[in-house]
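Asker: need coordinates for the below:
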Amino acid sequence: IRSLMDLPSGLKGNVKDIAIGAKFGVGADKEGKLYVWGDTRISNAKNIADVPEIIGGAKLVAAGYDHAVVVDGRENIYVWGNDRNMQAKVPEDIYNHGNIVQIEAGYQMTLAVTDQNYVFAWGNENLNDTYADAESTFQGKIVKVAATNDSAIGLTTDGEVVHVGLAKKAISNIPASALK
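Answerer: Reported below is the predicted structural model:
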C-alpha cells in the first residue's frame, strides 16, 4: 500500500488539481494525466486505482470518502468507486448551466459549480444534508462550495455564506456572524 503522503513523482511541481479522500489522493498534472495513490482499496470488489478511461484529459478532480470524481477537458464527468448511494448519478441538468469550474466530494456525495454560478449536488441525501436543484434561491450566485461529512456550504457572488441543502441537521445552521 502506497502512503497517502507519498505524492506521485509525476505531480511534483506539475499539479493542475489535487484532492484528498479518506485514505487516498487523486491528482491531475498540467497535461491532464490522472494520478491515484494511497490506500485505494475500498472493498473487496472496488478499488479507486481502477480508473475509467478519461477521454479529454483530467481538468478537475475530487476525492470523497469512497469515491473519486474527474471532470475532463470536454466537460465529461467521471465518477468511480462506491456508488451504493448514487454518488455516480450525475444530474442531467448540470450541462444546461455552463462549464464546470469546481468539483467537490464528501462522504457519499458530490458537488459541482458551473461558470454560471450554479451548484449541483448528488449522492446520499439521507446521510448528507445536501440537495441543490436548479430552482434553489442561491442558484446563479454560487462561486465556490465546501463539503463536510454532513453538509455543504456555498460562497455567493456577494460574499454571503449559504447552506447548500435541505437544512435538516444542526450543522446546517450557519451563525449570523459568519454570513458576511
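
Asker: check contacts around the residue positioned nearest the centre of the chain.
Answerer: By Cα atoms, centre = their mean, the chain has its centre lying nearest to residue 104, at 2.1 Å. Residue 104 makes contacts with 62, 110-113, 145-147, 152, as judged by Cβ atoms under 8 Å, 6 or more residues apart in numbering. Where C-beta positions appear, they are placed from N, C-alpha and C, glycine not excepted.

Asker: neighbours of residue 155, how many?
Answerer: 16 (other Cβ atoms under 10 Å).

Asker: chain center to the lowest-mean-pLDDT helix or strand in the chain: distance?
Answerer: Every helix and strand of the chain was ranked by mean pLDDT, DSSP states H and E. The lowest is strand 161-163, at a mean of 84. On the basis of Cα atoms, centre = their mean, to the nearest Å, strand 161-163 sits 17 Å off its chain's mean C-alpha point.

Asker: renumber starting at 9 from here on
Answerer: Sure thing, new numbering starts at 9, so read that last one as strand 169-171.

Asker: list the strands paired with that strand, with their directions.
Answerer: Here strand 169-171 is paired, per DSSP bridges, with strand 160-164 (antiparallel).

Asker: averaged pLDDT, the strand it pairs with. What do you get?
Answerer: The average pLDDT within strand 160-164 is 88.

Asker: for residue 109, which non-adjacent residue is spatially closest?
Answerer: With Cβ to Cβ, 6 or more residues apart in numbering as the measure, residue 123 is the residue that lies nearest to residue 109, at 5.1 Å, once sequence neighbours are left out.

Asker: what does residue 93 give?
Answerer: Nearest to residue 93 is residue 132, by Cβ to Cβ, 6+ apart, at 3.5 Å.

Asker: list the contacts for the one you found?
Answerer: With contact set as Cβ under 8 Å, 6+ apart, residue 132 has these partners: 93-95, 115-117.

Asker: how close does it get to residue 145?
Answerer: Computed as Cβ to Cβ, to the nearest Å, the residue 132 to residue 145 distance reads 23 Å.

Asker: got it, and residue 79?
Answerer: In this view, residue 79 and residue 145 are 26 Å apart by Cβ to Cβ.

Asker: tell me the contacts of residue 27?
Answerer: Contact partners of residue 27, counting by Cβ under 8 Å, 6+ apart, are 33-35, 69-71, 76, 113.

Asker: let's have these in a markdown table, adding distance to residue 84 and neighbour count.
Answerer: Listed next are the contacts of residue 27 as a markdown table, based on distance: Cβ to Cβ, whole Å; neighbours: other Cβ atoms under 10 Å:
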| residue | distance to residue 84 | neighbour count |
| --- | --- | --- |
| 33 | 21 | 25 |
| 34 | 16 | 26 |
| 35 | 18 | 23 |
| 69 | 13 | 23 |
| 70 | 14 | 25 |
| 71 | 18 | 26 |
| 76 | 14 | 28 |
| 113 | 16 | 26 |
